[in-house]
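> everything below, folded, please.
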Amino acid sequence: MTEKQTPSVENSQHIEQFLDALWLEQGLSENTLAAYRNDLNKFAIYIAKTPLFEVDEGIILEYLAYRRENGFTARSTARAQSALKRFYLYFIGLKKLSSSPLAHIEQPKLGQSLPKTLTEQEVEALLDAPNLEEPIELRDKAMLELLYATGLRVSELVGLRMEQINLRQAVVFVKGKGNKERLVPMGEVALEYIEVFIKLARPQLIKHATDFVFPSKRGIGMTRQTFWHRIKHYAIVANIQSELSPHTLRHAFATHLINHGADLRVVQMMLGHSDLSTTQIYTHVAKERLKSIHQTHHPRA
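As a prediction, the model looks like this:
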């Protein structure tokens, strides 16, 4: 199996039909659909010219073994298995199949991985890293403050339009995954820097008419990748050694709120989680942090 290989035409058509249905019926994001496409295409390449509708349990088990032997993580394999299960259930619903080849294959149980986050001191250092004399860095400062104050996803942040920010009420109107809408308070500090940015720096960055709150150097909307590179730059400036991810400040937002006694359901609403269990992971992060502090500082730990 090489990078240049592609699924057969027939299998590609079935995969795209399934993805179109997910988009139409559930409004899944482009990133989620891309993950499904990637997992399904890898399997379709593995089975070569075998039609997806003729796959049996044995082929599935061989594929799962192939992934283990070739260094795929247990988590990525579990996700691929889940994608295949959903794919076959969709076509069973259309009565194009009578049964799923995964019907008797159990989904692996994975340990809960805790999201990487930052201490409050590290967040302060990161937020203080931009040089406010530079328009681009004043923009970045406003973005970092807003990200930490609201827990927005990076994709939500870079896609913000002027109409989504209410400076008088200090709230952000967000349209998140699955077009779910939520209102999130931004707090006084983030509000202050956004007002300064919009008044002083934003006009210097805009080269064409745009309603993006945070335009790029070219005066248009910024990509998630660009902002991620900016975060990594400021982490170096702030001498932060902790492992970062694009969602690090989102995780820090949630963890620090819970550390300071915020209600879990309020945090759930601000993050835009549809299921409370998704938010509950941050209580585990908070507990792990408390354990770490206890072990480090208690004389009898």
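> could you list the low-confidence segments of the protein?
For the chain, the stretches with pLDDT under 70 are 1-4, 109-116, 178, 274-301.
> do that again at 80, thanks
1-4, 25-29, 107-117, 176-180, 207-209, 218-220, 243, 245-246, 258-301 (pLDDT under 80).
> how about the helices in it?
Using DSSP state H, the helices of the chain run over 9-26, 30-46, 57-69, 74-93, 120-127, 135-150, 154-158, 187-196, 202-205, 224-237, 248-259, 264-271, 276-297.
> turn the ones you listed into a markdown table, including distance to residue 106 and mean neighbour count.
Glycine gets a C-beta too; all of them are placed from N, C-alpha and C. Supplementary listing: the helices of the chain in a markdown table, determined by distance: least, C-beta to C-beta, whole Å; neighbours: other C-beta atoms under 10 Å:
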| stretch | distance to residue 106 | mean neighbour count |
| --- | --- | --- |
| helix 9-26 | 22 | 15 |
| helix 30-46 | 18 | 17 |
| helix 57-69 | 11 | 14 |
| helix 74-93 | 9 | 17 |
| helix 120-127 | 40 | 17 |
| helix 135-150 | 39 | 23 |
| helix 154-158 | 33 | 21 |
| helix 187-196 | 45 | 17 |
| helix 202-205 | 53 | 16 |
| helix 224-237 | 35 | 16 |
| helix 248-259 | 30 | 23 |
| helix 264-271 | 29 | 17 |
| helix 276-297 | 20 | 14 |
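> out of those, flag the one nearest residue 172.
Ranking the helices of the chain by their distance to residue 172 (criterion: C-beta to C-beta) puts helix 135-150 first, at 5.8 Å.
> what lies in contact with the closest one?
123, 126-127, 130-132, 152, 154, 157, 172, 174, 184-187, 189-190, 193-194, 196-197, 200-202, 204-205, 214-215, 217, 227, 230-231, 234, 249-250, 252-253, 270 (C-beta atoms under 8 Å, 6 or more residues apart in numbering).
> stretch 205-220 too?
Contacts of stretch 205-220 with the rest of the structure, by C-beta under 8 Å, 6+ apart, involve 135-136, 139, 142-143, 157-165, 194, 198, 202, 221-223, 226.
> ok, back up a step: of all the helices of the chain, which lies closest to residue 105?
Among these, the nearest to residue 105 by C-beta to C-beta is helix 57-69 (6.1 Å).
> give me the distance between the nearest residue in space to residue 126 that is not next to it in sequence and residue 11.
With C-beta to C-beta, 6 or more residues apart in numbering as the criterion, residue 126 has its nearest non-adjacent residue at 5.0 Å, and that residue is residue 238. Separation of residue 238 from residue 11 (C-beta to C-beta, to the nearest Å): 48 Å.
> again with residue 83
For residue 83, the distance to residue 11 - C-beta to C-beta - is 14 Å.
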